[in-house]
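J.: Here is a sequence with its predicted model. Questions after.
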Amino acid sequence: MPKHDAMPKHDAMPKHIGIAAVTSEGAALCYRTICQEGEARTGEQRRLVIGYAHPEVTLHTFPLSYYMDAIEAEDWPTVGRLLLESAGKLARVGAAFAICPDNTAHQGLNLIRAQSPIPWLHIAEEIASLAAERGYRKVGLLGTRWLMQGPVYPTALSARSIACEIPESDVRQQISAFIMEELVFGRFTASAREYFQQAIQVFERSGCEAIILGCTEVPLLIRAEDSVLPILDSTRTLARAALREAARRDTSSRPA
C-alpha cells in the first residue's frame, strides 16, 4: 500500500458531503465523480488533497418505490419529506451539506430546503450557472416527463435569462419511458441512444445552443461525441459543485 508522510490536519480537511440518493445509477455516477475528481481546492485555489484523497462522503437512500409512488402521483410534498428525512440522517452522521443526484426529485426539494438541518446544493441552479458561464441563451432539456414539464429547470434558467426548450409531447413520453424502464436499471441500449440523438438534433434545428442531460443517468448513455450540441451533464456538474463547496473554508457561508 502507498505510504503518506502525514495525515492531513483536521482543519485542512474538506467538508463532509452528504448524498441523498433516489436512483442508484445516477447516485453511483455522482459518488464516483466525487471520488475520482477529488482534488478539491481551497478558496485560494490551492490543491487541498491529491492522489487517493477525496472528501468524506455519506450516501443515504430510501427504496426507489417510495419516491416513485409519490412522483407518479405528483405528490411533491411527500418527495420533499423523503429528502428532508435523508438530510436529517446525513446531518446526524456529520455531513456539512447535501446534494441530490436526481433532477426530478428537486421539485420536492424546492419545498423543504428552508427546513433542512443542513444546506443543499441545487442541481438545476448549478447547471444554470454553468450555462450562463458558457454564454448560452437557449438550451434544450431532456429528462423524465415530470422534469421536462415541471418548474425545476425553467425557474433556475430564467433567473439567468436563459430560455429552456422541451420536446413535443410524444417525444417526452418516450424519453421518459427509456429513462424509467431502462436507464435507471443500468440498461443502456443502442435504440435508446439513437432516440436521444434524434431529439437532440431537433433541438439543434430549433436554435438551441446546448442540451441539458437532465436525468442523472443520461450521461451514461449520451457522451459529448454522441451529441450534435454541447452537453450540460447534470450529474457531474453537481458532483463538481459539491467538491468546490467541500473545499470552502468559510463555514459561516452556507449554500442557499
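T.: Arrived safely.
J.: Sketch out the helices for the stretch 151-256 of the chain, chain order is fine.
T.: With DSSP state H, counting those that start in this stretch as the criterion, the stretch 151-256 of the chain has helices at 152-158, 169-181, 190-205, 234-247.
J.: which of those is buried the deepest?
T.: Among those, helix 234-247 has the highest mean neighbour count (mean count of other Cβ atoms under 10 Å), at a mean of 23. C-betas here are computed from N, CA, C, even on glycine.
J.: Next, count neighbours for the closest residue to residue 137 other than its chain neighbours.
T.: Leaving aside its chain neighbours, residue 137 sits nearest to residue 162 (6.0 Å; criterion: Cβ to Cβ, 6 or more residues apart in numbering). By the criterion of other Cβ atoms under 10 Å, residue 162 has 21 neighbours.
J.: Show me the contact partners of the helix or strand where residue 78 lies.
T.: For residue 78, the enclosing helix or strand under DSSP states H and E is helix 76-92. With Cβ atoms under 8 Å, 6 or more residues apart in numbering as the contact definition, helix 76-92 has outside contacts at 18-21, 58, 60-62, 66-67, 69-71, 98, 100, 105, 107-112, 115-118, 120.
J.: on that earlier part again, and the residue nearest to residue 137, what's its pLDDT?
T.: Reported pLDDT at residue 162 in the predicted model: 98.
J.: Contacts only, for it.
T.: The contact partners of residue 162, taken as Cβ under 8 Å, 6+ apart, are 128, 131-132, 136-139.
J.: Where strands are concerned, which of those count?
T.: Cross-referencing the contacts of residue 162 against strands under DSSP state E gives 138-139.
J.: Quick one: buried ones out of the contacts of residue 162?
T.: Among those, those buried by neighbour count (16 or more other Cβ atoms under 10 Å) are 128, 131, 136, 138-139.
J.: of the contacts of residue 162, closest to residue 242?
T.: Relative to residue 242, the closest of the contacts of residue 162 is residue 128; by Cβ to Cβ it sits at 16.4 Å.
J.: just checking, that closest one touches residue 159?
T.: Yes - because the distance of 6.6 Å satisfies Cβ atoms under 8 Å, residue 128 is recorded as touching residue 159.
J.: Quick check: buried residues in stretch 62-78?
T.: Buried residues in stretch 62-78, counting neighbours by 16+ other Cβ under 10 Å, are found at 64, 66-68, 70-71, 76, 78.
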